[in-house]
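Chemist: Provided below are the primary sequence and the corresponding predicted coordinates.
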Amino acid sequence: MQFTNNDFQDIMLHRHSVRHFDSSVKIPRDELQQMVQEAITAPSSCNLQAWHFVVVDTPEGKDKLRSFFMKFNLPQLDSCSAMIMVFGDTDAFKKYRALWQKMYTEHQITKERLDEILQTFLPLYEHADKQFLTADALIDSSLAAMQLLLTIRAHGYEANPLGGYDAKKAAAALGLDPNRYVPALGIAVGKPDPNAHEITSERYAVQDVLEFQ
Ligand SMILES: Cc1cc2nc3c(=O)[nH]c(=O)nc-3n(C[C@H](O)[C@H](O)[C@H](O)COP(=O)(O)O)c2cc1C
């Protein structure tokens, strides 16, 4: 697959939040899926891959989001081609055994390594409390979300990451188990509205946020 934009400098350094999109633009579902597939090459804690995506690209789906989105995010919701809701999956460890078993069956790891992994990492998660699992899932899913923001640009689209919604309602409104899935970020994606003016955000000086020790 060829990226529309394969210039990493441009993709990362010229990424800015776009909040007004050309609502006539439809992104094919296979391309949306492709972008998510690229995003999930992200690293994750113990390769748990504790992320889950709900791509909302229909008027009915957008209505569900409208029920818990904050008002100031409605312009993005109304005009975007798709709103990708990124969740952390606090039950991801339950699939973990099968993943490593597959790697063993495919001769990628030895039986000793398989046993070591299942005896070292799996109990960590099986005995973890909800707070640990939630923090872990939010880190994994946020890393994937950042990759998604970048690959969206590689596909020639723009995006706005957003967290301005009622997080307590997000999972249930989309038919997910709220005890399992924790919302990390919404990502509005589309082609920018050429008539809209978007602000360029400032950054603090690096010296203000960096120290060497
Ligand atoms: C966790 C998170 C939550 C955000 N929530 C919102 C939001 O609810 N609405 C919005 O318009 N932008 C939201 N943003 C976008 C930020 O305002 C934006 O990334 C920041 O101002 C820097 O601007 P830039 O993205 O153009 O570099 C959010 C970004 C992050 C990372």
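Modeler: Sure thing, it's come through.

Chemist: for this structure, which residue gets nearest to the ligand?
Modeler: G164 (2.6 Å; C-beta to the nearest ligand atom). C-beta here means a position set from N, CA and C on the backbone, and glycine is covered the same way.

Chemist: next up, the contacts around that residue.
Modeler: By C-beta atoms under 8 Å, 6 or more residues apart in numbering, the contact set of G164 is F69, M70, F72, N73.

Chemist: which SSE is H52 in?
Modeler: strand 51-56 (DSSP states H and E).

Chemist: please apply the same query to V189.
Modeler: Here V189 sits within strand 181-190, counting by DSSP H and E.

Chemist: report the inter-axis angle for that strand versus strand 51-56.
Modeler: Per axes from the mean of the first three to the mean of the last three C-alpha atoms, to 10 degrees, the angle that strand 181-190 makes with strand 51-56 is 50 degrees.

Chemist: please renumber the chain so that the first residue is 6 from this point on.
Modeler: Fine by me, first position is 6 from now on; the one you just mentioned is strand 186-195.

Chemist: can you give me the end-to-end distance of stretch 202-214?
Modeler: 29 Å (C-alpha to C-alpha, to the nearest Å).

Chemist: typo on my end, it should be stretch 200-218
Modeler: 47 Å.

Chemist: what's the average pLDDT for that stretch?
Modeler: The average pLDDT for stretch 200-218 rounds to 96.

Chemist: so which bits of it are buried?
Modeler: By neighbour count on 16 or more other C-beta atoms under 10 Å, the buried set for stretch 200-218 is empty.

Chemist: can that stretch be said to contact the ligand?
Modeler: Yes: between stretch 200-218 and the ligand, judged by C-beta under 6 Å from any ligand atom, the touching residues are S206.
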